[in-house]
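Student: Need coordinates for the below:
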Amino acid sequence: MSHVDPMWTEEARALRESVRTLLARRSGPEAVRAAMAAPLGYDDELWSTLCEQIGVAALAIPEEYGGAGAGLAEVCVVLEELGRTLTPAPMLGSAVLCGQALLLTGNDEACRRLLPGIAAGSSLAALAWSDEDGRWSPACEFRDGRVDGRAHYVLDGDHADVLLVVARTPDGPGLFEVAPADARRAAVTTLDPTRRLAVVTVSNAPARRLDTGGFDTERLRWAAAMALAAEQTGAAARALELTVEYTKQRRQFGRPIGGFQALKHRMADVHVQVEAARSALYGALTGDDFELDAATAKTVCSAALRHAAAEMIQLHGGVAITWEHDAHLYFKRAHGSSLLFG
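Tutor: Model (predicted):
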């Protein structure tokens with residue numbers, strides 16, 4: 001295991017600062033709510049700026065496919081910052097999940113054809129995979145050149161222009177490309193309004209197999225889970241910051257409520273969990289057992305965000321359950337993301 005945290009190298013710090021500065025200007029609470037209500041479920045102009053000026057979608061894509069040739073650590077830096085502000089964006093679904101899926105196929109032709117658009121942010125890709133039970137076993141089946149099935153929890157699936165499908169085959173799961181016009185796609189109401197999900201149904205749809213057999217769905221799932229863990233860590237840290245700020249301002253019995261020992265202890269407990277999440281994420285990025293370390297990070301970071309969001313609600317009091325305050329959005333993100341990818 002490396003002793004250098006790849007999320008805090010000099011290059012990673014510069015990337016973090018660039019993303020945070022842009023989001024501070026363009027993704028405040030009002031902008032997040034406007035993005036939630038937008039037809040795409042995110043601010044496409046902000047996403048274009050993130051891709052064109054900072055290159056966030058290209059980070060984990062090799063240079064020969066139009067990417068920056070960085071790695072998951074840099075992706076995690078971006079997702080941590082997006083998580084802090086709850087910014088709706090197709091980073092997790094298109095750039096990470098679909099980008100990594102295509103790379104795992106080892107199909108040079110498909111990568112050259114599809115990855116440059118994903119890296120530039122000009123193409124939006126979606127991956128149809130999970131059944132309704134959320135266990136992330138393939139919901140669709142491939143037979144005689146066609147795919148059948150209904151996939152749930154498809155990130156940005158209702159408006160993607162590249163549709164990938166994980167389907168069962170006689171030799172195990174495979175990755176297939178289906179024309180979006182050959183699928184029925186419908187956005188669904190979600191617990192977390194900052195995360196766009198869809199149901200994708202394919203009925204005897206022509207499909208092109210992209211992998212050559214032995215498609216590693218477990219590695220794909222845990223790579224996505226690691227990226228999600230970074231997002232959860234950022235959201236948990238920001239929820240704690242907002243809570244500490246509020247307890248310094250809110251006065252009761254003639255003093256700020258943050259000065260009461262009982263509340264100090266509760267916020268200290270949240271801080272411990274946030275730091276545990278950072279440690280778990282560091283372990284996943286530098287450890288030797290990718291799947292185990294990624295699963296650990298997802299578990300620890302999910303728990304940290306749930307705890308931070310719950311305490312945010314409790315310590316803010318009545319204002320936290322109003323629509324105008326962000327606390328309920330952090331709470332919904334906490335519980336929605338804890339179920340994503342299992």
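Student: what mean pLDDT does the helix ranked longest in the chain have?
Tutor: When the chain is parsed with DSSP state H, its longest helix is helix 217-249. Helix 217-249 carries an average pLDDT of 94.
Student: Give me the helices and strands touching it, please.
Tutor: When contacts are defined as 3 or more C-beta pairs under 8 Å, 6 or more residues apart in numbering; DSSP states H and E, helix 217-249 packs onto helix 72-85, helix 99-105, strand 255-256, helix 261-286, helix 290-316, helix 327-339. All C-beta atoms are positioned from the backbone trio N, CA, C, and that covers glycine.
Student: Also compute the angle for the longest one relative to helix 327-339, please.
Tutor: This points to helix 290-316. Angular relation of helix 290-316 and helix 327-339 on a 0 to 180 degree scale: 160 degrees, by axes from the mean of the first three to the mean of the last three C-alpha atoms, to 10 degrees.
Student: The fourth one now?
Tutor: Our comparison of helix 261-286 with helix 327-339, counting by the same axes, to 10 degrees, yields an angle of 40 degrees.
Student: Can you give me the buried ones in helix 261-286?
Tutor: The neighbour-count check on helix 261-286 (16 or more other C-beta atoms under 10 Å) flags 263, 266-267, 270, 273-274, 276-278, 280-286 as buried.
Student: Same question for the last one.
Tutor: Residues of helix 327-339 classed as buried by neighbour count (16+ other C-beta under 10 Å): 327-334, 336-338.
Student: Please apply the same query to stretch 116-136.
Tutor: 116-121, 123-131, 136.
Student: Stretch 308-318 now?
Tutor: Along stretch 308-318, the positions that meet the burial threshold by neighbour count (16+ other C-beta under 10 Å) are 308-313, 315-316.
Student: I would like the residues contacting it, please.
Tutor: Residues outside stretch 308-318 that contact it (C-beta atoms under 8 Å, 6 or more residues apart in numbering) are 235-237, 239-240, 242-243, 246-247, 250, 257, 263, 266-267, 269-270, 273-274, 320-321, 325, 327-328, 330-331, 333-335.
Student: Equivalent analysis for stretch 319-327, please.
Tutor: 29, 86, 239, 242, 309, 312-314, 316, 328.
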